[in-house]
Structures are given as C-alpha cells and as structure tokens.
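In: requesting a structural model of the entry that follows:
(one chain, ligands or ions: 1)
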Amino acid sequence: MRRTGGLRLVSIVVAASTALLSGSAGRADQAADEAYERPYKICGQNVVDRGTYNGYRRYHAYCHVCHGPDGLGSSYAPNLVDSLKVMKRDDFSQVVAGGRQNLAGGKESVMPAFYEVADVMNYLEDIYSYLKARSDGQLGRGRPERCPS
Ligand code: HEC
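Out: Next up, the predicted model:
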C-alpha cells in the first residue's frame, strides 16, 4: 500500500511540473507567488487591511524592542525593512520560528526562536505582511489605519 502511495505522489509531482511548464499555468503560478510574497492590501495612504494592521500591533509588541520602531533596526538587531527587500517569506518564517545566532568574532547577536510563542506564530503572516508593506515602500512609519470593512 505504501508503494502505491509513493507512486501516486510521484505522478502528482510530475503533473505539477508539467503544468508549470505550460504558459498560462505558469502565469497563474506567478500571480499566486506574488500574492504569497505580498499578502498586504493598501486602501490609501497608510491605510491597510486588517491583517497588516494586526501585524503592526504584533510587531510592536514582540519585535520592536530589538528591531526598532517601524522595523528600522537598532544597534543590536538588523533593519527588517531592508532585510525583506531580499528575504523571501519562507526564509523569514524560518528565522522567526527557529531563531538564529551569530556568535562569531566575540559578537553576541541572538535572534530568539518564537516557535512556542502562539501570539507570534499564529500571526506570522500578519507580521510579515506589515514588514513587507514597509519594505516595499507602500506603508510609512507610525500607526497605520484600517481599511473600511
Ligand atoms: C531579543 C532581541 C530580538 C527580538 C525580540 C527579535 N529579534 Fe529578530 N533578530 C535579532 C538579532 C540580534 C538578529 C540577527 C541575528 C544574526 O546575527 O544572525 C535578528 C534577526 C532577525 C531576522 C533575520 C534578518 C536578516 O536580515 O537575515 C528576522 C527576519 C527577524 N529577526 C525577525 C524578527 C521578528 C519578526 C521578531 C518579532 C516576532 C523578532 N525578530 C524579534 C534580535 C531579536
């Protein structure tokens, strides 16, 4: 039975890569990627969707002590507005969940792991969304407003 399952998986993977190669599916895939990497919505100047607004609040509750207000960095931790210009969403999630350390050359640079902090992990998309909107230059500093619902 397991063997059959494995074979089925292989054929799904093959079908998926074939779809990727065909033009229209490729474009749909690109649009999906874009939506994944940029989950925020902007309704006006400094007016954002509910998730992004929530991300602003969570960021300032859990991250800004090290990464500075508005994601702009501090002497201790990097500027995340800059980081997200190159960092992909999955890499971001991985660092936040798993943490990271750089103890080279007598430095003591520690990003804590948040995988046990539900208030962060449950809203990882929102926090990412907020920082990505900042990074893309779509959202200014300070507290945003929420799109009318
Ligand atoms: C105790 C301080 C501290 C807190 C709190 C903290 N960070 Fe960090 N973070 C760091 C440090 C220091 C680094 C750099 C680690 C290194 O040198 O590898 C870092 C690195 C990162 C990176 C990688 C940046 C890059 O350019 O590679 C991301 C993403 C990140 N933090 C996101 C967050 C988020 C989101 C939160 C809040 C949920 C958060 N951090 C809370 C200290 C902190």
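In: going forward, measure contacts and count neighbours with C-alpha atoms only.
Out: Will do.
In: element containing the most centrally placed residue in the chain?
Out: Geometric centre of the chain, nearest residue: residue 128, 3.4 Å, by C-alpha atoms, centre = their mean. Using DSSP states H and E, the element containing residue 128 is helix 124-135.
In: just the buried positions in that helix, please.
Out: Neighbour counts over helix 124-135 (16 or more other C-alpha atoms under 10 Å) mark 124, 125, 126, 127, 128, 129, 130, 131, 132, 133, 134, 135 as buried.
In: OK, contacts around the residue nearest to the centre of the chain?
Out: 55, 89, 92 (C-alpha atoms under 8 Å, 6 or more residues apart in numbering).
In: what about the first one, how many residues close to it?
Out: Burial measure for residue 55: 23 neighbouring residues, criterion other C-alpha atoms under 10 Å.
In: repeat that for the second one.
Out: The burial count assigned to residue 89 is 17, neighbours taken as other C-alpha under 10 Å.
In: ok, now the last one?
Out: Other residues near residue 92 number 16, with proximity taken as other C-alpha under 10 Å.
In: who touches it in this structure?
Out: Residue 92 makes contacts with residue 128, as judged by C-alpha under 8 Å, 6+ apart.
In: can you give me the helices for the protein?
Out: 2-21, 23-37, 50-62, 64-67, 80-86, 89-98, 118-121, 124-135 (DSSP state H).
In: need those helices in a markdown table with distance to residue 143, can you?
Out: A markdown table is the format used below for the helices of the chain (distance: least, C-alpha to C-alpha, whole Å):
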| stretch | distance to residue 143 |
| --- | --- |
| helix 2-21 | 40 |
| helix 23-37 | 22 |
| helix 50-62 | 7 |
| helix 64-67 | 13 |
| helix 80-86 | 16 |
| helix 89-98 | 22 |
| helix 118-121 | 19 |
| helix 124-135 | 11 |
